[in-house]
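**Student:** This is a predicted model, with the sequence first.
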Amino acid sequence: MARVAREMVEKAGINVDQLVELLVKNAAAELTTYYYYTILRCNLIGLEGEGIKEIAEAARIEDRNHFEALVPRIYELGGKLPEDMKAFHDISACPPAKLPTDPTDTMAMLKVLVEAERCAVRGYTHICNMTAGKDHRTYDLSQAILNEEIEHESWFSEFLGEGPSGHFMRRGETSPFVSKFLK
């Protein structure tokens, strides 16, 4: 644990135990989303599914990166991950992004994908609001993840016909905002 880091966050007026709990729950959401997106991606087949597969894969890999970036901060603040994977899954900040009943229904899959991203956007916005001006490292990390989650949401919402977002699929680059935390 980075004792002084935790101390500074506490002195800034943040309930560190509450913050760590939120970070752990969001880490659980990232790892479980990575898992469920793997299943969704495998089932994105046919003419409609193939058009979405690359975007689902980019979001899947970036969610894994988000998990990897969150873990050090959790431990720096004196937290830890649950030792039981099922318990970790069950505390996820977001509901499981499970395959729809009809795995050939591309629109249903898109709805699962976009709702998972919207949950993430809400969660990281909350952490950013909680840490703004008080915990610079957690804020920077959460803001970086938030930027990527907003892009994910926009990619999927466009396929649902909710309107243009102005975002484009990134080619050959993953986690442009979070990559600095993975070094």
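**Tutor:** Thanks, I have it. Residues are numbered from 1 along each chain as shown.
**Student:** what are the ranges of the helices in the protein?
**Tutor:** If DSSP state H is used as the criterion, the helices of the chain fall at 3-11, 16-43, 46-76, 85-90, 106-131, 136-159.
**Student:** a markdown table for the ones you listed, including mean neighbour count, mean pLDDT and distance to Phe177?
**Tutor:** Where you see a C-beta, it was placed from the backbone N, CA and C, and this is true even at glycine. Shown next, in a markdown table, are those (neighbours: other Cβ atoms under 10 Å; pLDDT from 0 to 100; distance: least, Cβ to Cβ, whole Å):
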| stretch | mean neighbour count | mean pLDDT | distance to Phe177 |
| --- | --- | --- | --- |
| helix 3-11 | 14 | 94 | 21 |
| helix 16-43 | 20 | 97 | 14 |
| helix 46-76 | 19 | 94 | 9 |
| helix 85-90 | 12 | 97 | 25 |
| helix 106-131 | 19 | 97 | 11 |
| helix 136-159 | 21 | 95 | 4 |
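**Student:** Which one, of those, ends up nearest to Ser179?
**Tutor:** helix 46-76 (7.5 Å; Cβ to Cβ).
**Student:** to the chain's geometric centre, what's the distance from that closest one?
**Tutor:** The chain centre lies 7 Å from the centre of helix 46-76; the measure is Cα atoms, centre = their mean, to the nearest Å.
**Student:** and if you look at stretch 20-29?
**Tutor:** 10 Å.
**Student:** Can you list the neighbours in contact with it?
**Tutor:** 66-67, 70-71, 73-74, 77-79, 81-82, 88-89, 91-94, 119-120, 123-124, 126-127, 130, 138 (Cβ atoms under 8 Å, 6 or more residues apart in numbering).
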